[in-house]
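>>> Sequence and predicted structure below; questions after.
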Amino acid sequence: MSQRGSSFPGPLSTVLPWSFSFQPRDFSLPNSSWGSDMRRLYEHYNSQWVWRRLPSYNRSLKYTTGTVWKVRSFSRRLVFTRNIREQRAAFEYVVFVNKQEQKCVCVFQAGHLLEGPPGHVHGGAISTMIDTVTGTHATYLSGPVMTANLNINYRSPIPLGSTVLLTCSLDKKEGRKTFFPCQVTNTYSSKLHTEATGLFLSITMGHLLGG
Ligand SMILES: CCCCCCCC/C=C\CCCCCCCC(=O)SCCNC(=O)CCNC(=O)[C@H](O)C(C)(C)COP(=O)(O)OP(=O)(O)OC[C@H]1O[C@@H](n2cnc3c(N)ncnc32)[C@H](O)[C@@H]1OP(=O)(O)O
């Protein structure tokens, strides 16, 4: 299996010491709960050098920054989308970025704990994934950011258990503000489920840590 993308590149790495004190589990690697659509799209993007897989951990600062932020108050914190032990139950996803085109895609398999309307994915779970993918892309391109505005239009429901594709690009950058449109479609990009725009503000690490 390719190990491309096993470190998180980009401007944030110049802000934070990017060393790992041990090998945490990378949740964006294939596991036995992935269905055929997840695997097919994973192989599709992972086999093309222009797309770089981003690793994904269940701790944010603790695992990604080594010992610097390893303090007691962080010990029980888990990343929202990676905090359920049972595979397949909730957010199974992998993010790939294309630096040249400043694009990002996420293959997302929505598990049974994410039900909203009967048999379909909850709108809050969809917005969580849009925030996660646009936020990851914004962080990759701009360093530390926070979501200032998320504008979402739900166009067609997503069947629970299905796999969808989130596609995100950089629209424009105005000073500290960056705008990222994002579409959620079926895996063949032939059906639009959701469209959104995320506005992200570049921040200092002090702001991020509540300073
Ligand atoms: C995320 C980084 C992680 C890094 C490290 C971890 C490694 C892992 C890597 C990657 C994974 C990432 C995946 C997850 C991502 C999830 C992201 C979230 O869900 S974030 C939580 C929800 N968001 C909040 O809680 C923000 C709360 N709001 C604030 O803190 C402030 O309002 C903030 C920072 C957004 C702006 O505050 P100000 O004081 O810095 O800036 P002001 O002066 O208010 O505004 C500056 C400019 O922006 C405009 N602006 C501000 N808010 C706006 C808004 N809502 N709509 C439109 N314009 C707005 C203003 O009008 C102003 O514009 P003019 O310069 O005058 O042109």
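All right, it came through fine.

>>> list the buried ones in the host helix or strand of residue 39?
Assigned by DSSP states H and E, residue 39 belongs to helix 36-46. Judged by neighbour count (16 or more other CB atoms under 10 Å), helix 36-46 contains these buried residues: 37-38, 41-42, 45-46. C-beta here means a position set from N, CA and C on the backbone, and glycine is covered the same way.

>>> How about the chain: which residue is closest to the ligand?
When distances are taken as CB to the nearest ligand atom, the chain reaches nearest to the ligand at residue 135, 2.6 Å away.

>>> Would you tell me what helix or strand the nearest residue to that residue once chain neighbours are set aside is located in?
Residue nearest to residue 135 in three dimensions, not counting chain neighbours: residue 147, with 6.0 Å by CB to CB, 6 or more residues apart in numbering. Counting by DSSP H and E, the element that carries residue 147 is strand 145-154.

>>> Next one: residue 143, what pLDDT does it get?
Listed pLDDT for residue 143 reads 93.

>>> where exactly do the helices run in this structure?
12-15, 36-46, 61-64, 123-142, 205-208 (DSSP state H).

>>> what's the most buried one of those?
Neighbour counts (mean count of other CB atoms under 10 Å) averaged over each of these peak at helix 123-142, with a mean of 21.

>>> which other residues reach that helix?
Here helix 123-142 makes contact (CB atoms under 8 Å, 6 or more residues apart in numbering) with 8-12, 54, 80-81, 90-91, 93, 95, 97, 102, 104, 106, 108, 110, 114, 116, 145, 147, 150, 152, 154, 158, 166, 168, 170, 173, 178, 180, 182, 184, 193-194, 196, 198, 200, 202.

>>> Same question for stretch 35-49.
Contacts for stretch 35-49 (CB under 8 Å, 6+ apart): 2, 4, 30, 34, 51, 53, 92, 94, 96, 105, 107, 109, 161-163, 165, 187.

>>> Got a quick ChimeraX command for the buried subset of those residues?
Per 16+ other CB under 10 Å, the buried members of the contacts of stretch 35-49 correspond to this ChimeraX selection:
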select :34,51,53,92,94,96,105,107,109,161,162,163,165,187
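
>>> The contacts of stretch 35-49 in strands, which ones?
Judged by DSSP state E, the contacts of stretch 35-49 include 53, 92, 94, 96, 105, 107, 109, 163, 165 as members of strands.
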